[in-house]
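1. Pasting the sequence and the predicted coordinates here, then a few questions.
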Amino acid sequence: MSLRSLSPGSALSEWEIDKSTDSIFFTSYPEASVELIFEGTAVYVYGSVGCSLNITITTGGTELWERILVPPISGLLWEKQDLPQTEYDLSIVAGDTASADAPFVF
């Protein structure tokens, strides 16, 4: 899995990334988003959600699955298995209720 883009609500400072692992992302800003690319047959998203969250998988410009999560949730947030072997875009968007008291960490 690789990072395609971080699209914050208004500034890149809205996302924090653990540089030692490049795998822990944190935001408390409403509507901040991240897009990841992966190739494979399954995807698992783990984290902690204190705000609403929208997760979407697309391939070739076609949206395949979407899930809206309602907090609080911690652990395995979402999974999709038995996908055809190909490249996918995984988009995660923090809801408009994100705040310091209701962050999104994955």
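-> Arrived safely.

2. low-scoring pLDDT stretches of the chain, where are they?
-> Along the chain, the model assigns pLDDT under 70 to residues 1-26, 98-106.

3. And the strands in it?
-> Taking DSSP state E to define them, one finds strands in the chain at 2-7, 15-17, 25-27, 33-40, 43-49, 53-59, 62-69, 73-80, 86-94, 104-105.

4. Direction included, what does the fourth one pair against?
-> Looking at strand 33-40 with DSSP bridges, its paired strands and their directions are strand 2-7 (antiparallel), strand 86-94 (antiparallel).

5. for stretch 74-83, which positions count as buried?
-> Buried residues in stretch 74-83, counting neighbours by 16 or more other CB atoms under 10 Å, are found at L77, W78, K80, L83. Glycine gets a C-beta too; all of them are placed from N, C-alpha and C.

6. no wait, stretch 36-45
-> Result for stretch 36-45 [16+ other CB under 10 Å]: buried residues L36, F38, V43, V45.

7. distance of the first one from W65?
-> Note on L36: its distance to W65, by CB to CB, to the nearest Å, is 14 Å.

8. same question, the second one
-> F38 is 13 Å from W65, where distance means CB to CB.
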